[in-house]
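J.: Have a look; sequence and predicted model below, questions after that.
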Amino acid sequence: TPIGVFRSVQRPVYDTLMADQLDAAVDQRGKGDLATLLAGSDTWTVIG
């Protein structure tokens, strides 16, 4: 019966990586404004 630690690797957790990525985006582009986005003139036309 194996007992003990065969390999111990320190890796970042998904939640930490995601939070860091969101913080970097806010630092680069500023905090977004949903009302401005929805009232904007950038639209798509879907043809199907």
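T.: Received it, and whenever you're ready, just let me know what you need. Residues are numbered from 1 along each chain as shown.
J.: which SSE is Leu22 in?
T.: helix 14-29 (DSSP states H and E).
J.: confidence score at Arg11?
T.: Model confidence at Arg11, expressed as pLDDT, equals 91.
J.: Ok, Gly4 next?
T.: The predicted local confidence for Gly4 is 78.
J.: next one: Leu22
T.: At Leu22, pLDDT is 96.
J.: That one: neighbour count?
T.: Using other Cβ atoms under 10 Å, Leu22 has 10 neighbouring residues. Using the backbone N, CA and C atoms, a C-beta is placed for each residue, glycine as well.
J.: same deal with Arg29?
T.: By the criterion of other Cβ under 10 Å, Arg29 has 8 neighbours.
J.: switch to numbering from 28
T.: Okay, using 28 as the starting number, the last item reads as Arg56.
J.: that older thread, just the C-alpha atoms of the helix holding Leu49, please, in PDB.
T.: The C-alpha trace of helix 41-56 is given here as PDB (Å, rounded to 0.1, in the frame of the first residue of the first chain):
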ATOM      1  CA  TYR A  41      -8.700  28.800 -11.500                       C
ATOM      2  CA  ASP A  42     -10.500  31.300  -9.400                       C
ATOM      3  CA  THR A  43      -7.300  33.200  -8.700                       C
ATOM      4  CA  LEU A  44      -6.300  33.200 -12.400                       C
ATOM      5  CA  MET A  45      -9.700  34.500 -13.400                       C
ATOM      6  CA  ALA A  46      -9.700  37.200 -10.800                       C
ATOM      7  CA  ASP A  47      -6.200  38.300 -11.900                       C
ATOM      8  CA  GLN A  48      -7.300  38.400 -15.600                       C
ATOM      9  CA  LEU A  49     -10.400  40.500 -14.800                       C
ATOM     10  CA  ASP A  50      -8.300  42.900 -12.700                       C
ATOM     11  CA  ALA A  51      -5.800  43.300 -15.500                       C
ATOM     12  CA  ALA A  52      -8.600  44.000 -18.000                       C
ATOM     13  CA  VAL A  53     -10.100  46.700 -15.700                       C
ATOM     14  CA  ASP A  54      -6.700  48.300 -15.300                       C
ATOM     15  CA  GLN A  55      -6.100  48.400 -19.100                       C
ATOM     16  CA  ARG A  56      -9.600  49.500 -20.300                       C
END
